[in-house]
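1. Let me see the structure of the following:
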Amino acid sequence: MTGTGQGFRRTHVAALALAAIMLPWSEFLLSNAQFLLLGNWLVEGIVRKDLGGRFRRAFTHPGALVFMSFFGLHALGLLWTDDMAWGLDLCRILLPVIAFTPVLASVPPLNRSELRAVLLFGAWSTFASTLVCLIMRYPVLAEGGYRELSVFISHIRLALLLCFSIAVFVTHAGRGALIRSAHAVAIAWCIAFLALLHSLPGFGMLLVMAAYGIWHWSASRSTLLRRSSRLALLLIPVLVLAWVDRVRTEFHRMDATDLARLDERSAGGEYYYHDRERPLLENGHYVWINVADSELMRGWEERSALRYHGLDARGDTLRHTLVRYLASKGLRKDSLGVRALSEEDVHRVENGVPNVEAGRKGPLRARLEQILYEWDEYSVSGDASGHSVAMRREFTRTGWAIAREHPVIGTGTGGTRPAFARMYERLNSKLGADWRLRAHNQYLTLMISFGVLGLAWSLFSWWWPAWRAGALQRPLFICWAIIFGLSCLGEDTLETQPGATFFAFFYALLVFAYPGTDLSAPAAPVHAAG
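-> Model prediction:
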């Protein structure tokens with residue numbers, strides 16, 4: 001390879017590494033990495049007089065064409081959308097599909113050292129980003145916060161990158177003791193940060209990846225070891241369900257209060273409000289009993305500058321946060337209860353902490369208990385506003401209603417936004433206007449947008465190129481597919497730039513640029529390393 005060719009090759013690999021590095025940090029620099037990759041590809045094509053050949057290889061590659069057809073489906077869906085602006089924005093978000101794919105499908109694949117470098121640069125960059133996040137946002141942990149811990153991208157997307165980084169550290173551990181030790185520390189840290197993020201989906205992904213890893217590892221072992229290890233896999237869901245049931249049972253354990261024999265008045269003489277039908281629980285104590293609002297307001301506003309009927313630092317109703325916090329301590333919601341609060345308690349309520357134990361329990365248990373409380377509140381009120389898991393039930397219910405009305409070609413690209421707005425009104429949803437969001441399920445979103453056939457083609461465009469390239473036999477690709485596939489169950493992963501780039505970049509890298517990949521097109525010149 002000539003010096004010029006080596007320069008183009010180094011730029012090609014550097015652009016891929018830069019994309020991997022920037023995923024957890026900056027959408028702007030991530031876009032610049034894509035421009036660098038495309039620019040290098042075009043310039044080398046011109047210099048080598050191979051530009052036409054590159055386009056020919058890219059757009060006659062069967063796998064690349066099928067994968068890029070996913071973007072084409074979205075472009076086609078603009079023809080019948082009710083919201084062209086949102087549809088065009090979705091196409092913009094999916095541009096990485098047609099940025100990475102033609103380049104990586106038309107030039108020689110990476111060698112093993114190049115691929116390893118790109119993947120490890122990305123994994124260590126994710127590791128580094130979490131350290132910066134912790135330094136910048138450490139105080140939120142003491143107040144039970146976790147979403148705010150992710151500074152640069154959504155905590156949900158960061159969880160995907162952490163899970164994939166763990167897979168990279170495992171599959172590219174190397175041979176040296178020092179490197180293996182560093183990877184072990186990085187894996188432990190990534191798992192710990194997932195816990196700090198309260199990422200139940202992230203731990204679900206890790207469990208599925210671990211199950212796959214054990215299954216794959218045991219295939220080359222003795223019959224006894226293979227059978228025993230695979231039998232042990234059956235214990236994983238059993239243990240998880242047992243833990244969830246234990247937390248649920250303890251969460252719903254009630255104190256000895258007799259709801260039929262509650263005091264009528266507070267010590268100050270105010271009549272108590274009691275909701276005996278739906279009192280809810282915090283730490284086993286009833287929330288909506290023994291509430292003396294006038295006393296509570298006077299007592300609170302003597303101790304805090306925040307108004308009783310205003311909002312806390314998280315944007316929630318302060319009265320609601322205060323009542324829950326008092327209940328979590330087993331206190332009455334009156335002037336005596338407010339006086340019993342410490343200065344730290346007052347500060348925590350001001351910052352939107354609804355439970356005295358928040359930030360003091362294991363993060364996964366705290367998140368599960370939060371979900372249980374939100375679900376109980378949704379069950380008694382029918383209003384899921386602000387409660388992430390309960391809202392997803394409303395999103396799904398509304399989304400299925402839309403999908404049933406548009407089974408063939410769907411609402412078109414971007415048509416989900418007006419379709420959801422109309423259906424919420426028709427169903428008389430109790431969700432507040434700010435919480436009337438879309439499906440939060442990528443599969444359902446695709447069905448709503450393009451009908452059953454469009455969903456089927458989308459899934460085919462993801463599966464067939466990978467199957468044809470042999471990627472389904474590669475552990476790292478399977479781990480990536482587990483992460484992406486499970487993320488689509490609870491999020492519209494492809495409707496955000498980091499999510500769409502996570503999808504397009506790693507798919508193209510692990511399918512079209514994997515060492516030994518057959519371009520299945522006229523052979524690329526050796527020097528065209530793009």
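2. How far away from the center of its chain is the lowest-mean-pLDDT helix or strand in the chain?
-> Across the helices and strands of the chain, mean pLDDT, DSSP states H and E gives its lowest value to helix 139-142, namely a mean of 72. In terms of CA atoms, centre = their mean, to the nearest Å, the centre of helix 139-142 is set 21 Å apart from its chain centre.
3. Ok, stretch 98-110 next?
-> 27 Å.
4. Then stretch 401-409?
-> Chain-centre distance of stretch 401-409: 26 Å, with CA atoms, centre = their mean.
5. Same question for stretch 109-127.
-> The chain centroid and the centroid of stretch 109-127 are separated by 22 Å under CA atoms, centre = their mean.
6. go on, stretch 413-422?
-> 22 Å.
7. okay, it in PDB with CA atoms only?
-> Coordinates of each C-alpha in stretch 413-422 appear next as PDB, following Å, rounded to 0.1, in the frame of the first residue of the first chain:
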ATOM      1  CA  THR A 413     -43.400   8.600   8.600                       C
ATOM      2  CA  GLY A 414     -44.000  11.100  11.300                       C
ATOM      3  CA  GLY A 415     -47.700  10.400  11.300                       C
ATOM      4  CA  THR A 416     -47.500   8.900  14.800                       C
ATOM      5  CA  ARG A 417     -47.500  12.400  16.500                       C
ATOM      6  CA  PRO A 418     -50.900  13.600  15.200                       C
ATOM      7  CA  ALA A 419     -52.300  10.100  15.400                       C
ATOM      8  CA  PHE A 420     -51.500   9.800  19.100                       C
ATOM      9  CA  ALA A 421     -52.900  13.300  19.800                       C
ATOM     10  CA  ARG A 422     -56.200  12.400  18.200                       C
END
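8. what mean pLDDT would you report for it?
-> Per-region confidence: stretch 413-422 scores 94 on mean pLDDT.
9. Now do stretch 302-322: everything it contacts.
-> Stretch 302-322 has contacts (CB atoms under 8 Å, 6 or more residues apart in numbering) with 145, 293, 296-297, 300-301, 333, 338, 341, 346, 349-354, 386. Where you see a C-beta, it was placed from the backbone N, CA and C, and this is true even at glycine.
10. buried residues in it?
-> Judged by neighbour count (16 or more other CB atoms under 10 Å), stretch 302-322 contains these buried residues: Ser304, Leu306, Tyr308, Asp312, Ala313, Arg314, Leu318, Arg319, Thr321, Leu322.
11. Geometric centre of the chain: which residue is closest?
-> Centroid check for the chain by CA atoms, centre = their mean gives Ile156 as the closest residue, at 2.9 Å.
12. any idea how far that one is from Glu369?
-> 20 Å (CB to CB, to the nearest Å).
13. Ok, Ala471 next?
-> For Ala471 relative to Glu369 (CB to CB), the value is 40 Å.
14. can you give me the strands for this structure?
-> 281-282, 285-286 (DSSP state E).
15. For those, which has the smallest mean pLDDT value?
-> strand 281-282 (a mean of 84).
16. what packs against that strand?
-> helix 318-328, helix 363-381 (3 or more CB pairs under 8 Å, 6 or more residues apart in numbering; DSSP states H and E).
17. try 7 Å this time
-> helix 318-328 (3 or more CB pairs under 7 Å, 6 or more residues apart in numbering; DSSP states H and E).
18. With just CA atoms, put the helix it packs on into CSV.
-> In CSV, the C-alpha atoms belonging to helix 318-328 read as follows (Å, rounded to 0.1, in the frame of the first residue of the first chain):
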residue,chain,number,x,y,z
LEU,A,318,-44.4,20.0,46.6
ARG,A,319,-47.5,19.1,48.7
HIS,A,320,-47.5,15.7,47.3
THR,A,321,-43.8,15.2,47.9
LEU,A,322,-44.1,16.5,51.5
VAL,A,323,-47.0,14.2,52.3
ARG,A,324,-45.2,11.2,51.0
TYR,A,325,-42.0,12.0,52.8
LEU,A,326,-43.9,12.5,56.2
ALA,A,327,-45.6,9.2,55.6
SER,A,328,-42.3,7.4,54.9
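19. tell me the angle of it relative to helix 363-381?
-> Relative orientation of helix 318-328 versus helix 363-381 (axes from the mean of the first three to the mean of the last three CA atoms, to 10 degrees): 110 degrees.
20. Check the offset of helix 318-328 from the chain's centre.
-> Centre to centre, stretch against its chain (CA atoms, centre = their mean), the figure for helix 318-328 is 29 Å.
21. Contacts only, for the spatially closest residue to the residue nearest to the centre of the chain that is not a sequence neighbour.
-> Closest residue to Ile156 apart from its sequence neighbours, by CB to CB, 6 or more residues apart in numbering: Glu491 at 5.9 Å. Listed by CB atoms under 7 Å, 6 or more residues apart in numbering, the contact set of Glu491 reads Ile156, His440, Gln442.
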